[in-house]
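Colleague: What follows is a predicted structure for the sequence shown.
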Amino acid sequence: MNTSIIKQVKNGRLAMLLLLLTTVLTSFAQTVKVSMEDFDIAPGEQRVVDINVTNDVPYGTDLGGDIYLPAGLKIVPNEDGDYLTRNMTRCTSSHALTAATKAENSSLIEGQIRFSLVSQSGKTLKGNEGAVVSFTVEATDELAEDSKITLKDAFITNTSASNVVADCEANVHNSNYVRPVLTLSAQDFELTPTKQLNLSFAFATNREVSALQADITLPAGLEFVENEDGEYATFNMSRLTSSHTPSTTLNGNKLNIILSSTKSSNLKGEDGELFFVTLKATGDLAAESAITVDRIIASTSAGTRMNIEAIQVNVSNLDVAAKAVIDEAVAGLKTSLEQVKADLATYADGVQAMFNDKVEEAGNSIENIETAISTDVANGDVAANAETRNAEIAALAEVIAQIADDAKTAQENSLSNDGQYQNDLTAIADVQASLNEATTTVAGYDESVQAAFAETLSALQESVTDLTTTAEASHNNGTSVADAAALQESIAAVVANIEKLLADAAAAQQEYEEEVAKAAANEEQHTADLAAIAEVQTKLDAAKTTVEGYAESVQGAFAETVTTLETSVAGLTTTADASYNNGTSVADATALQESIAAVIADIEKLLADAAAAQQAFEANEAQHTADLAAIAEVQTKLDEVLKTIDGYSQSVQDAMAEAEAATQTSIDDLTAAAEASYAAGTSVADKETFDAAIAALNTQIANLAAAAEAAQNGYDANELQYKNDLAAIAEVQTKLETATTTVAGYAESVQGAFAETVTTLEASVAALTTTAETSYNNGTSVADAAALQESIAAVVADIEKLLTDAAAAQQAYEANEAQHIADLAAIAEVQTKLDEVLAIIDGYSQSVQDAMAGAEAATQTSIDELKVAAEASYAAGTSVADKETFDPAVAALNTQIANLAAAAEAAQNGVDANDAQYKADLEAIAAVQASLDEVKQAIDGYDEPVQQAVAEEEAGVQEAVGALKTLADASYTAGTSVADKDNLQEEIAKVLQLIEKLSADAAAANGSYAENNAQHEADLAAIEALKEHFDDMKAVVETYAQDVQDEFAQDMTAIQESIDGLVAAADASFTAGTAVEDKETLLAGIVAVTENIDAVAAEAEKVWQAYQENEAQYEADLAIIERVQNKFDAVLEKIAGFDETVAEVVAEDIETVRTAIDRLSSTAEKSHDNGTSVEDADLLQTMAYNVEALIAALDNKAELEQQKITTSISKVTQLNNGNVMFDLSGRQVKQGKGLVIIGKKKYVVK
């Protein structure tokens, strides 16, 4: 497809839509209008504002928009808490009203109310004019003199269209308007040397201001820094318009800033930053200084000048004050260290050696602090680092103080150290003597005692040596006196340890002597114990000989007892030896005798128990022989029965094998039990149990013989029944094979349907065989015969059912096959009909083929789906059953094919008609283009400005002709050329009207072009005369003082801009071809500028006169201030001659006067700078009188204080002469002695 044609069609449709939209909006603007009425209001008052709708056609199903309130107006909710109220004379009950402010919708701005009036049932407003909704506003003090309430983005709809209406306004006048105040302000700030700061100036006004100028004067120590544009001020562009041009001029420390607009445009915003200047501090910046901003003048676009009060911005250099404090503190450190050095020089050499390094280190620390301070000064960080430096100074001050204290203490200790050392050595010598005496005493004791205390004696000697070492160390360190108490405690501890040694050694010697006596008695008792144990051993040896004469089993039974007794006898010996070794033979004698008696009793019991055991052994031998004979008899009986069973069938033998083995096991178990009884020596005691077991074995053998005989009989019957079962099953197998052969002759689908049944029957026959074999193998064929016959009968019945069902299935298969063939024939016939219709459609146009493609595909799909359904019925074997559904489907397809053929024929007829109409449309449009070409040829013969004047209109007409072609193409493409014929003819008629209008407009423009050119020449001549008048005025003003010239510089600039604006306006009128129409307006502008020039000239002359008067008054003011200062200096000189305390008492008064004089000077300077020295002269004189009164009060107070001090000194003199005593308050007190301080002097009371 050709994409360029598609783009042309789309562009043509867009142009047509825009044309139609313009037509609709134009029509709408003529039928619907929204408005609000102007009103007056005063702060505190409320007014109801109506939103009126005028509509000459039904409108208003929806209404809404955004209401913007000016500053100073706030909306007041109604009694229901809603912001707006419906007027029910125009609204229906279905109209719902909602509204929101910033409080409910954060995306809105302050003063914005968004409302919506919507009819829930789609009804329009009642009537044609009047208020639809209203709201109440209340005025506040911020309301400007004149402002507006604006309704923006309003929309209103009817039942078929939604449209935007023009914005509307309501003018609001403040009936209590108060004249505004304009301010330029900046915040006080802190800055240190080398640092920079952006000082922001905020400009606040509720007036429309287009220009501003100001002078900024810096104190010493501050400098202006250029920005990246090379200017000294950076303006907030969000408050300026594109026509505003700021400029700065730096003269020394004064910066002149001028902001003006080439179009007299107003500044944006009422408050906030207007500009900032970047300042840098130098080392000359005083602790406190101020920036002066004066000669601040604002101008309106009309040229009205407004003086703004000068301001002062205070600057604090914290580094100055911080440096003074730090310097004073460092000086204090140096003084303290010098004092330490002086004191140390008078101390002993050893003390000096101890502290010289510390003093030197402190001096280095002071130098380090001074270096850091110098760095802080260079970097402007003195105040920032003041806390750190003061902390360092304080810490070092503590170090120096500690050095002084420690050195003083060391000197005092040095003087008394030697005497204490001699006392220490004497005391230690006494301790050594005590230790020597104790050593001699211990040497007289037994060697074991000496050995026990040798280590203690050595440790005590080390302690005495340590005492000497400690005393010498204290002496060498000069701390003998300080350490004396500790040394005495150590000496006392050593003495106490010596005394404890003597007591412990004496006790150890006594204990040694007692042990020697106990050892002799222990030896005697041990000899007696061994003799008694020897007698016990003799008894045991005799008992062992007796037991050895008995049977081996008896000997074995008592072998452990004999061993135990031998161990007991040996234990007696061990016990006796242990008591001997422990020295406790005497104490343990009784316990040992009891143990000996117990062993003798055990030996006697051994002899009695062994004799009884020998007698029992002999009886057990006789009973064991009888038991074995009885077991042999039982074994013979079992062997005879087993021989009989060996003649039976193998299955019987197998069945009896377990019973045979169990019987033999019983015999073997009884034999083992007899042997166990014999071995245990209990054959006699176990006889009754043994006899019962023999009887039970005889019974068990008899039962075995009977069971074997019965099993042989059952085996014979089981063999016969098994043979009969197999014959019956073989008959069933024959029946199944016959049925299987029959089914195999049927259709494959029938065979498949019954394959599982055949398999199941084969499994059933196999299961019968398995069941018969299981019964045979279990020997239960006779018992299971009836159940097996029932299973055989069931299988035979299933075989007969298989034959019946398979025959029926074969019959149904043959019927389904015949119906399926008939179904496919019917479908083939329908397909042939469709193919014939499709061949006809292929001969039609491509658009018809495309239009029919969906129906063709749908019909083919229906045929394909019917074919699939037929195959599904065949596969499911339901072709006969589904015939009732299949036949209607074939009939429906025949109808669908007939409809397709008819629709295609009708579509082809429409295409032919569309082509014919499109050809006619193009011929009509070509005729329109020919008409336009004739007009364009005529325009080409006019002057170029005329051609330019109608160029846009000409292009618009050409675009309209292009839109006709686009519209025709769109109709043709959509196939609606016939239907759209009338609409296209209407559009062609409109374009022909546009061509006629273009021809008329071009002729008219050509006629007015010459007249416009002549008027432009006259306008420029008038403006040139205005320029000459302005030059004359400037020459006069330039003869005035520079300050006066500066004050009117902005006016001059504004006038020049106005003249430039007149030139631009004249040029614009000429370019627009409206010089004649704009003549009166331009003339009015020239007159206005002329009047402004004259007004500025008069005002400048007036200011020049005021300037001269202000200078004269300022000189007089300075003379007054000098008079006041001289009086103050005289009083200060007098106070300097008084007692020092007087100056301290009146210090605050002095500062008050000094501040008042500074304020007086500041006021004079401010009046001078503001040009109000004459007006402020009386105020300044009054202030001077007040300061002089303060000076007089200061003088009087100082005189009185001096008199008090003189009187107090007199009273002290009286005290010393024995007269009455008074305190400093003049009250009489009792006599006494002491020190009285008056002022800075001390007086001794004797």
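Modeller: Perfect, thanks for sending it.
Colleague: In this structure, spot the helix with the most residues.
Modeller: Ranked by residue count under DSSP state H, the longest helix found in the chain is helix 480-547.
Colleague: Run through the neighbouring helices and strands of that helix.
Modeller: Applying 3 or more CB pairs under 8 Å, 6 or more residues apart in numbering; DSSP states H and E, one finds that helix 480-547 makes contact with helix 386-443, helix 447-477, helix 552-582, helix 585-645. All C-beta spots, glycine's among them, are computed from the backbone N, C-alpha and C.
Colleague: Format those helices as CSV; extra columns: mean pLDDT.
Modeller: Formatted as CSV, the helices and strands packed on helix 480-547 follow (pLDDT from 0 to 100):
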stretch, mean pLDDT
helix 386-443, 86
helix 447-477, 87
helix 552-582, 88
helix 585-645, 86
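Colleague: Out of those helices, which gets nearest to A828?
Modeller: Of all the helices and strands packed on helix 480-547, helix 585-645 sits nearest to A828, with 88.4 Å by CB to CB.
Colleague: got the angle for the closest one vs helix 552-582?
Modeller: Interaxial angle, helix 585-645 versus helix 552-582 (axes from the mean of the first three to the mean of the last three CA atoms, to 10 degrees): 160 degrees.
Colleague: State the next helix or strand along the chain beyond helix 585-645.
Modeller: Once the chain leaves helix 585-645, the next helix or strand it forms, by DSSP states H and E, is helix 650-680.
Colleague: What residues sit buried inside that following helix?
Modeller: Neighbour-count burial for helix 650-680, counted by 16 or more other CB atoms under 10 Å, picks out 651-653, 655-656, 659-660, 663, 666-667, 670-671, 673-674, 677-678.
Colleague: could you point out which element follows that helix?
Modeller: That would be, after helix 650-680 and using DSSP H and E, helix 687-743.
Colleague: Just list what that next one packs against, helices and strands only.
Modeller: So helix 687-743, by 3+ CB pairs under 8 Å, 6+ apart, packs with helix 585-645, helix 650-680, helix 748-778, helix 781-841.
Colleague: Point me to the helix or strand that includes the residue most central in space within the chain.
Modeller: Nearest to the geometric centre of the chain sits S106, at 23.7 Å (CA atoms, centre = their mean). If you go by DSSP H and E, S106 is not part of any helix or strand.
Colleague: Show the pLDDT at it.
Modeller: On the pLDDT scale, S106 is placed at 90.
Colleague: Q1228 too?
Modeller: Confidence score, pLDDT, at Q1228: 44.
Colleague: State the number of residues packed around L893.
Modeller: 21 (other CB atoms under 10 Å).
Colleague: quick one, what contacts it?
Modeller: By CB atoms under 8 Å, 6 or more residues apart in numbering, L893 lies in contact with 830, 859, 862-863, 866.
Colleague: Taking the residues you listed together, which two end up most distant?
Modeller: T859 and L866 (10.9 Å).
Colleague: For A214, which three-state class applies?
Modeller: strand (DSSP: H, G, I helix; E, B strand; the rest coil).
Colleague: domain assignment for this structure?
Modeller: For the chain, automatic domain parsing gives the domain ranges 4-11+916-1021, 32-174, 624-719, 723-812, 820-910, 1078-1246.
Colleague: Could you export these as CSV, including distance to L318?
Modeller: Shown next, in CSV, are those (distance: least, CB to CB, whole Å):
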stretch, distance to L318
domain 4-11+916-1021, 63
domain 32-174, 39
domain 624-719, 118
domain 723-812, 109
domain 820-910, 89
domain 1078-1246, 21
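Colleague: so which of those comes closest to Q593?
Modeller: domain 624-719 (38.5 Å).
Colleague: Looking at the helices and strands packed on helix 480-547, spot the one closest to T757.
Modeller: For T757, the closest of the helices and strands packed on helix 480-547 is helix 585-645, at 51.1 Å, according to CB to CB.
Colleague: any idea how far the closest one is from the chain center?
Modeller: Remark: helix 585-645 is offset 95 Å from the chain centroid, using CA atoms, centre = their mean, to the nearest Å.
Colleague: Please apply the same query to stretch 204-219.
Modeller: That offset, for stretch 204-219, works out to 45 Å (CA atoms, centre = their mean).
Colleague: Now the terminal residues of it, how far apart.
Modeller: 26 Å (CA to CA, to the nearest Å).
Colleague: If you drop the residues flanking it in sequence, what lies closest to I1150?
Modeller: Using CB to CB, 6 or more residues apart in numbering and skipping residues adjacent in sequence, the residue nearest I1150 is L1194, 6.6 Å away.
Colleague: Can you say which helix or strand has that neighbour in it?
Modeller: Using DSSP H and E, L1194 falls in helix 1177-1216.
Colleague: Does that helix pack against any helices or strands, and if so which?
Modeller: helix 1079-1136, helix 1140-1145, helix 1147-1170, strand 1221-1222, strand 1234-1238, strand 1241-1245.
Colleague: Following the chain onward from the lowest-mean-pLDDT helix or strand in the chain, which element is next?
Modeller: Between all helices and strands in the chain, the lowest mean by mean pLDDT, DSSP states H and E belongs to helix 3-31, at a mean of 39. Once helix 3-31 ends, the next helix or strand along the chain (criterion: DSSP H and E) is strand 32-35.
Colleague: What average pLDDT does that next one get?
Modeller: Mean predicted lDDT for strand 32-35 stands at 91.
Colleague: How far away from the center of its chain is that strand?
Modeller: The chain centre lies 52 Å from the centre of strand 32-35; the measure is CA atoms, centre = their mean.
Colleague: Could you do stretch 877-894 as well?
Modeller: Taking CA atoms, centre = their mean, one finds stretch 877-894 lying 71 Å from the centre of the chain it belongs to.
Colleague: which of the residues in it are buried?
Modeller: Buried residues in stretch 877-894, counted by 16+ other CB under 10 Å: 877, 879, 882, 886, 889, 893.
Colleague: which ones among these are found in helices?
Modeller: Checked against DSSP H, these include these in helices: 886, 889, 893.
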